[in-house]
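*Asks:* predicted model, plus sequence, below.
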Amino acid sequence: MHFLKQYTENVVKYDLINKFQYKLITKIPTLHFITLSFKLKRWNIKLLISSLAALELITLQKSTLTKSNVSNISFKIRKGQPIGCKVTLRKIKMNSFLFKILNKNLTKLTFKNTEKNNLFSIKINNILIFKELEQNYQFFKNLTNLNINIKTENCTFKEFVFLINSYKFIYKNKMQT
């Protein structure tokens, strides 16, 4: 996605400079990586396998299992048992996923912000918006929400909202701070 990188350098960067008037170029917000994850409340091998396959179809990158650190009797989870999966995207794959998600009409999208580490979260309730998953509906119909975490550098919540809007992100937002 060479197009998105050039768009970032030529349009988004200058939009941010004109809006917030940075004194140093190094203070301009940049995207570091995007992490996609599925989390399961109960250990279910069928959902775990389908969530692993879904992440690999969406991102074209191998995903890894996440294991529980503590045991929880109410959820019937033991320590070390797999409870989800995740994949981290950087550079070219991050830009290609961002381009893919920019073309989707995401309604009911919520952004959450954690101020101290510049991590912004997006939750997608309907994962069948991806064409790859919709074609195999019978395998992916029972999946939970897809969590997308975007790690930025030198970015406040106001700057992040402007950054997303300058990418022409199509959403109806419910922003939370």
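*Replies:* Thanks, I have the structure now.

*Asks:* how close does the closest residue in space to residue 127 that isn't next to it in sequence sit to residue 129?
*Replies:* Leaving aside its sequence neighbours, residue 127 sits nearest to residue 146 (CB to CB, 6 or more residues apart in numbering; 4.9 Å). Where C-beta positions appear, they are placed from N, C-alpha and C, glycine not excepted. For residue 146, the distance to residue 129 (CB to CB, to the nearest Å) stands at 9 Å.

*Asks:* out of those two, which sits in the busier spot?
*Replies:* residue 146 (22 against 15; other CB atoms under 10 Å).

*Asks:* got the contact list for that one?
*Replies:* Neighbour list for residue 146: 36, 37, 38, 123, 124, 127 [criterion: CB atoms under 8 Å, 6 or more residues apart in numbering].

*Asks:* contacting residues around the first one?
*Replies:* For residue 36, the residues meeting the contact criterion (CB under 8 Å, 6+ apart) are 55, 58, 59, 86, 87, 89, 97, 146, 147, 148, 149.

*Asks:* try 6 Å this time
*Replies:* 55, 87, 148 (CB atoms under 6 Å, 6 or more residues apart in numbering).

*Asks:* with adjacent residues omitted, what lies nearest to the second one?
*Replies:* Once flanking residues are discounted, residue 87 sits nearest to residue 63: 4.1 Å by CB to CB, 6+ apart.

*Asks:* so how far is residue 37 from that neighbour?
*Replies:* Going from residue 63 to residue 37 by CB to CB gives 9 Å.
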